[in-house]
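**Student:** fold the following and give me the result.
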Amino acid sequence: MASNSYHRNFLVFVIDLINEAPVDLDDVVRRWAAGGLGPPVPTNDDDFRSVCAFVEEWAEVVDATTEDQRVNLLNALLADSVAYPRITRHDGSGWHVHYRDDGVSLAVILRSVTSVAAAQHLTSTGMHRLGRCAVAECRRAFVDFTQGGKQRYCSHACVNRDAVRRHRARRTAGRSSVEA
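**Tutor:** Numbering: from 1, shown residues only. Predicted coordinates for the structure are as follows:
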């Protein structure tokens, strides 16, 4: 199934909200604009609380330990957020599908589009494509967009940090065996 052009951006956006919690609604709106998530959307007084609640639910999806658990959590998000799909071209980007009612606020849009994007990404590439960084002191969340689907780290910096740590451990172990 082809995905909306900004589905990937929504997945990255919500992962960023897990890794760096927003401080207020203005922060969410600024990050929304910077994330390429489309034109500004309406907000309301409850949006910040609702976005934060969704981010906590989304973290549970990321941290699910089995495929069945991940699917059940994601299905609950989908059931709670998605309206019937509709085709639109409201923003000049060409025809595309929306999975939400028109005129809804930022929190509702975030919940619905992210849930659909995750469902499409995970069912087409594998349920294992969400995770936490393998570096114990990091544990930042990530979405695996790699071709091979074997991502274990949140960033190249953590890949390098762990490689250096393993290299030093091997050198230390090698010295210890020589000294013995």
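**Student:** now do the longest helix along the chain: distance to the chain's middle.
**Tutor:** Across the chain, the helix with the greatest residue count (assigned by DSSP state H) is helix 156-179. If you compare the mean C-alpha spot of helix 156-179 with that of the full chain, they lie 31 Å apart, counting by CA atoms, centre = their mean, to the nearest Å.
**Student:** for the record, mean pLDDT for it?
**Tutor:** Across helix 156-179, the average pLDDT comes to 84.
**Student:** that one: which residues count as buried?
**Tutor:** Applying a neighbour-count criterion of 16 or more other CB atoms under 10 Å, the buried positions in helix 156-179 are 158-159, 161-162. Glycine gets a C-beta too; all of them are placed from N, C-alpha and C.
**Student:** next one: stretch 79-86
**Tutor:** 81-82.
**Student:** stretch 41-54 too?
**Tutor:** For stretch 41-54, by 16+ other CB under 10 Å, it's 41, 43, 47-48, 50-52, 54.
**Student:** any stretches of this protein with poor pLDDT?
**Tutor:** In the predicted model, the chain carries pLDDT under 70 at residues 1-6, 91, 174-180.
**Student:** strands of that one, start to end?
**Tutor:** Assignment of strands within the chain using DSSP state E yields the ranges 86-88, 96-98, 130-132, 141-143.
**Student:** want to throw these into a markdown table with distance to residue 152?
**Tutor:** Supplementary listing: the strands of the chain in a markdown table, determined by distance: least, CB to CB, whole Å:
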| stretch | distance to residue 152 |
| --- | --- |
| strand 86-88 | 38 |
| strand 96-98 | 33 |
| strand 130-132 | 7 |
| strand 141-143 | 9 |
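**Student:** how about the ones you listed, which one is nearest residue 28?
**Tutor:** Go through those one by one with CB to CB and the one that ends up closest to residue 28 is strand 141-143, at 17.0 Å.
**Student:** listing partners with orientation, what would you give for the closest one?
**Tutor:** Paired strands of strand 141-143, with direction, are strand 130-132 (antiparallel) (DSSP bridges).
**Student:** show residues contacting the strand it pairs with.
**Tutor:** 61-64, 70, 118, 122, 139-144, 151-152, 154 (CB atoms under 8 Å, 6 or more residues apart in numbering).
**Student:** helices and strands around the longest helix of the chain, which ones?
**Tutor:** For helix 156-179, the packing partners by 3 or more CB pairs under 8 Å, 6 or more residues apart in numbering; DSSP states H and E come out as none at all, with no helix or strand in contact.
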